[in-house]
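Enquirer: please find the sequence and the predicted model below.
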Number of protein chains: 2
Amino acid sequence: MATAARKSRRGDILRCFTAMVAERGYDEVSVRDVAEALDISKGTVLHHFRSKEALLEQLNAEYMRRRLAEANEFLAGFADPVDQLQLIVYQLMLSQQDDRAATVAFSREIVRSASEAIMDEVRTMRDEYSAMVIEIIGRGVATGAFTEVDSHLSALQIFGMCNWAWTWFEPGGRQSATKIAHQYCRNLIGGLATGSPPKLKGAELAKAVEAAMASHRADPA
Amino acid sequence: MATAARKSRRGDILRCFTAMVAERGYDEVSVRDVAEALDISKGTVLHHFRSKEALLEQLNAEYMRRRLAEANEFLAGFADPVDQLQLIVYQLMLSQQDDRAATVAFSREIVRSASEAIMDEVRTMRDEYSAMVIEIIGRGVATGAFTEVDSHLSALQIFGMCNWAWTWFEPGGRQSATKIAHQYCRNLIGGLATGSPPKLKGAELAKAVEAAMASHRADPA
DNA sequence: TGAAACTGACCGTTCGTACGGTTAGTGTAT
DNA sequence: ATACACTAACCGTACGAACGGTCAGTTTCA
């Protein structure tokens, strides 16, 4: 390990900021709020992160890094595009539950990562993830597993139905993320798929995603 | 018409505010910005609307009022729940195109209308609209047109895939709202529906929605 | 003449950020 | 061992700009 004179509170700052952005939104969170919540000075926050915007950039980047790492892991275990597309849905919904704060913060401030110059690493990772999903759908169409669809548009449809969940999903609520993902898959994959509705092995897929998420979890609180 | 000593700029203010919120988000729009854009004083803006929050409330209320009025009109023309559900999708997507600013502003600030006290009229209308869609799906399940699904959850799925479009859809872009709605319906209604994929009479439905939207259009610029 | 539309100066507050100084650990040479 | 240099963590203050909102007064028109 490099050097760590005093144990840094960098991690705490990012975590606290993430929680606050999730709850109130970027504009309603001030650097002062974060500092006060952690009982440190505002100067300390800006010692660790160049600016408030840099804080958001880090939050977004870490979020995408986790999702990509997970996806690379669990997709490797399944070759069938029908399975793979479901895995994606399970991941997106499970992140609503198990990586809630970061997911909400990321989703609600998503436009901010679309244009700002500081966010181009985030943008690159978003594109990479999108491309992955588009490729899966395209492959499904090519093999005849899916009907002829615009794979780009179908990907957006999937992102939409999953990402929007930040506005209403409650982790402790009546329905678990897996249950929701399962029905989303039934409704959507059923529509994409050709012939008789494919048998969806939900439990197995959910387990694979959960395993991948566990091994790339953010640092503990 | 009631009274109008000087012709009021109330409409202009709300329209301008809507456009700005759509583009930048509520927090990034100041009352001063609106006033300067219209070349009036800040006092005038707050003469017409009690507060900045009241401005957002009006924007949301007008948006929901339009959607409800349209829905009540075009749903009356079709009895089949499969048709009706498609009409909803067409409406949600067409509003992204033909009522863009209000739709984006409404979508991106949707959480603000979920909790704030001032927003309860908006909340009531949102609930009414939701209930309508849930009822359609429930009826489809009851008649056997749709498979056994949680109609509440399926409604959220539809709202998600449509509402999320504010983050990426461009009115003048490569794909029209109707085209997108058509594919969304194919992918999703196909999955909901039982038996062979129902014939989707897209063109007719789109026309009905467009007619309804035309007759409840917001005041011209 | 009265009511609505509108103005412009103003208030109190909060914002993000810059910056000089202090404290506490770590590596190194004696 | 112990003195010294160095670095990263952290504090506290200060600042100009912008914020939402108030209000007494002026203009305009039916």
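Expert: In hand now; what should we look at? Numbering: from 1, shown residues only, chains lettered A, B, ... in the order given.
Enquirer: next, count neighbours for residue A:117.
Expert: Burial of residue A:117 is recorded as 7 neighbouring residues (other Cβ atoms under 10 Å in any protein chain shown). (Glycine included, C-beta is placed from N, CA and C.)
Enquirer: which ones are touching it?
Expert: Under the criterion of Cβ atoms under 8 Å, 6 or more residues apart in numbering or on different chains, residue A:117 has no contact partners.
Enquirer: distance of it from DNA strand D?
Expert: 20 Å (Cβ to the nearest atom of the strand, to the nearest Å).
Enquirer: starting at the chain centroid, how far to stretch A:21-34?
Expert: On the basis of Cα atoms, centre = their mean, to the nearest Å, stretch A:21-34 sits 20 Å off its chain's mean C-alpha point.
Enquirer: now residue A:146: phi and psi?
Expert: Backbone torsions for residue A:146, taken as degrees, to the nearest 10, come to phi -110, psi 160.
Enquirer: so it touches residue A:136, yeah?
Expert: No. Taking Cβ atoms under 8 Å as the definition, residue A:146 is not a contact partner of residue A:136, at 9.5 Å.
Enquirer: now residue A:99: phi and psi?
Expert: phi -130, psi 40.
Enquirer: correction: the previous question concerned residue A:125.
Expert: Note on residue A:125: backbone dihedrals following degrees, to the nearest 10 are phi -70, psi -40.
Enquirer: which element is residue A:170 on?
Expert: Using DSSP states H and E, residue A:170 falls within no helix or strand.
Enquirer: cool, and the one 10 residues further on?
Expert: With secondary structure defined by DSSP H and E, residue A:180 is part of helix A:177-192.
Enquirer: from residue B:107, how far out is residue A:103?
Expert: Residue A:103 sits 18 Å away from residue B:107, going by Cβ to Cβ, to the nearest Å.
Enquirer: and those two? which has more neighbours close in?
Expert: residue A:103 (26 against 21).
Enquirer: list the contacts of the nearest residue to the more buried one once chain neighbours are set aside.
Expert: Computed as Cβ to Cβ, 6 or more residues apart in numbering or on different chains, the closest residue to residue A:103 that is not its neighbour in sequence is residue A:95, at 4.8 Å. By Cβ under 8 Å, 6+ apart, the residues touching residue A:95 are A:67, A:102-103, A:213.
Enquirer: the residue in chain A that DNA strand D sits nearest to: how many residues sit nearby?
Expert: Per Cβ to the nearest atom of the strand, residue A:43 is where chain A lies closest to DNA strand D, at 2.3 Å. Per other Cβ under 10 Å, the neighbour tally for residue A:43 reads 9.
Enquirer: chain A against DNA strand D: which residues are in contact?
Expert: Within chain A, the positions near DNA strand D by Cβ under 7 Å from any atom of the strand are A:3, A:5-10, A:39-44, A:47-48.
Enquirer: just those residues now: which is nearest residue B:154?
Expert: Nearest to residue B:154 among these, counting by Cβ to Cβ, is residue A:10 at 43.0 Å.
Enquirer: residue contacts, that closest one?
Expert: residue A:48.
Enquirer: so where's chain A uncertain?
Expert: Low-confidence segments of chain A, defined by pLDDT under 70: A:1-6, A:194-198, A:218-221.
Enquirer: for it, which segments count as helices?
Expert: A:10-24, A:31-38, A:42-48, A:52-75, A:81-98, A:100-108, A:112-115, A:120-143, A:151-163, A:177-192, A:202-215 (DSSP state H).
Enquirer: touching DNA strand C at all, the shortest one?
Expert: So the one you mean is helix A:112-115. No. Judged by Cβ under 7 Å from any atom of the strand, helix A:112-115 makes no contact with DNA strand C; its nearest approach is 13.3 Å.
Enquirer: give me the residues contacting that helix.
Expert: With Cβ under 8 Å, 6+ apart as the test, helix A:112-115 has contacts from A:26, A:56-57, A:60, A:106, A:119, A:122-123, A:126, B:167.
Enquirer: one more time with 7 Å, if that's ok
Expert: A:26, A:56, A:60, A:119, A:122-123 (Cβ atoms under 7 Å, 6 or more residues apart in numbering or on different chains).
Enquirer: just the buried residues from those, in ChimeraX please.
Expert: Of the contacts of helix A:112-115, the buried ones go into a single ChimeraX selection, burial set by 16 or more other Cβ atoms under 10 Å in any protein chain shown:
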select /A:26,56,60,119,122,123
